[in-house]
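1. What follows is a predicted protein model with its sequence.
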Amino acid sequence: MNATTARRILAGLAALAGLEVVLGGLAYRDAIGPQDWPPLADAVAAEEVDTVRLATPWLGPRARMEVPALAAPNVAAPADLHGVTDLLVVGLGDDDWSDALDRELEGAARPHRRTQRRVGPFTLSRYAFPSEPTTLQRWVDTPPAMDTPSGSCRVRGASGRCKEGVVSVRFAEVDYEPRRCLTYAFEDGTPLTLSREAMPLGTVLRGHVGVSDFNGRLRSDAAIRVEVRIDGDFAGRFVTTDAQGWQPFTVPTTPGPHDVEVVLTDTVKGTWGKRGYSGRGGRKVCFELRSIDEGDKGEVPS
């Protein structure tokens, strides 16, 4: 391919992209007016549900500005759809579900739609999960105790200060999606121990681990180890790499208060570039954990 042909292709792609932006803007202008957002915000606020999602992804930025419920941390940067009893899905026109929501199910059955109604140009669809699960605790909401080989970390609010660095609850990009998680970057092979005494458990501990920062993932494929202990007994070990994206893991549990300990080890923090390995900067581990009671597994009647 010569330079002239390449320039023509690039110009054509730029023109196509510009046309899509213009047409998208016209469609948005015709479908939704400023007067449509307040009734939607009021309608969503009036619903008593566990969580809310969008069925029309491109509405996301504006919808989060106009509808407070859609800007909640666990909605704007969710872990998944496990541990949810009632789900409200907001869509434009006839949109009542999406491929993104199917991905959030992570193997679970799609919930049963109970009700559906229109609010201006929007559709509100309310779903129920058959087993009526419940999330008992999220570590991103109540960070656990933290320890490293240097000793205990000082945990205040949403962050822990350790000799090796800071562990904090943040919004992070993992596999091109926003996530809310405990993030940190310690030196190669330094373990971080997260623990909580008498943690309320249901039927399963469910968590995710991933790598934040595109460049960090691009320049390193090092593994992250996750080891889980309950009441001092080994409960599970998981190994993942950045190629696995937002990787879920589960540990079956016995309901009631139990001591939970998780040891995270990022085997190699640094990255590789043109000049070889660099331990500076690097990537960040992104981790979340929830205790969930999955319910009785019964079917939701029609």
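-> Everything's here; your move. Source: prediction; values computed, not measured.
2. how about the helices of the stretch 101-250 of the chain, start to end?
-> Per DSSP state H, counting those that start in this stretch, the stretch 101-250 of the chain carries helices over the ranges 214-218.
3. Could you give the bridge partners of residue 201?
-> Note on residue 201: beta-bridge partners residue 256, judged by DSSP bridges.
4. Roughly how far does it sit from residue 144?
-> 13 Å (C-beta to C-beta, to the nearest Å). Where you see a C-beta, it was placed from the backbone N, CA and C, and this is true even at glycine.
5. Overlap of the contact sets of the two?
-> residue 260 (C-beta atoms under 8 Å, 6 or more residues apart in numbering).
6. for residue 232, what are its contacts?
-> Residue 232 neighbours (C-beta under 8 Å, 6+ apart): 259, 261.
7. Looking at it now. What's its pLDDT?
-> Looking at residue 232, its pLDDT is 98.
8. Residue ranges in the protein under the pLDDT threshold?
-> The model of the chain has pLDDT under 70 over residues 1-30, 270-272, 274, 277-282, 297-302.
9. Let's see that with 80 instead.
-> Where the chain drops to pLDDT under 80, the residues are 1-30, 213-221, 269-282, 296-302.
10. what's the closest residue to residue 31 other than its chain neighbours in contact with, if anything?
-> Once flanking residues are discounted, residue 31 sits nearest to residue 121: 5.4 Å by C-beta to C-beta, 6 or more residues apart in numbering. Residues near residue 121 by C-beta under 8 Å, 6+ apart: 31-32, 36, 92-93.
11. Tell me which two in these are the farthest apart.
-> Greatest spatial distance in the contacts of residue 121: 36 and 93, 12.1 Å, computed using C-beta to C-beta.
12. Between these two, tell me which one has more neighbours.
-> When residue 36 and residue 93 are compared on other C-beta atoms under 10 Å, the one with more neighbours turns out to be residue 36, at 15 against 12.
13. ok, the more buried one touching residue 120?
-> Yes: between residue 36 and residue 120 a contact is recorded at 4.3 Å, counting by C-beta atoms under 8 Å.
14. who does residue 264 bridge with?
-> Here residue 264, judged by DSSP bridges, has bridge partners residue 192, residue 226.
15. how far away is it from residue 213?
-> For residue 264 relative to residue 213 (C-beta to C-beta), the value is 17 Å.
16. cool, and residue 164?
-> To residue 213, residue 164 is 18 Å away according to C-beta to C-beta.
17. With neighbour numbers in mind, choose between these two.
-> When residue 164 is set against residue 213 and neighbours are counted by other C-beta under 10 Å, the residue ahead is residue 213, at 21 against 17.
18. That one - nearest residue in space that isn't next to it in sequence?
-> residue 283 (5.3 Å).
19. Which parts of the stretch 51-200 of the chain are strands?
-> 51-54, 86-92, 112-119, 122-128, 134-138, 145-148, 151-152, 154-156, 159-162, 165-174, 177-184, 191-201 (DSSP state E, counting those that start in this stretch).
20. coming back round to it: out of the contacts of residue 121, list just those in helices.
-> residue 31 (DSSP state H).
21. nearest to residue 179, of the contacts of residue 121?
-> After measuring those against residue 179 - C-beta to C-beta - the closest member comes out as residue 92, at 24.9 Å.
22. which residues does the closest one form a beta bridge with?
-> residue 122.
23. do you know how far it is from residue 219?
-> Distance from residue 92 to residue 219, counting by C-beta to C-beta: 39 Å.
24. Kindly report the same for residue 135.
-> 35 Å.
25. go on, residue 134?
-> Note on residue 134: its distance to residue 219, by C-beta to C-beta, is 41 Å.
26. Please apply the same query to residue 132.
-> Distance of residue 132 to residue 219, computed by C-beta to C-beta: 44 Å.
27. do the same with residue 202
-> 39 Å.
28. Which one of the two is surrounded by more residues?
-> residue 202 (22 against 18).
29. Quick check: the residue nearest to residue 213 touching residue 214?
-> No: the criterion here is C-beta under 8 Å, and residue 283 misses it with residue 214 at 9.5 Å.
30. list the contacts for the residue nearest to residue 267 when sequence neighbours are not counted?
-> Among residues not flanking residue 267 along the chain, residue 222 sits closest, at 4.8 Å (C-beta to C-beta, 6+ apart). By C-beta under 8 Å, 6+ apart, the residues touching residue 222 are 241, 266-269.
31. Pick the one among those closest to residue 78.
-> residue 241 (22.4 Å).
32. Test my guess that that closest one contacts residue 220.
-> No: using C-beta under 8 Å, residue 241 is not in contact with residue 220, being 9.0 Å away.
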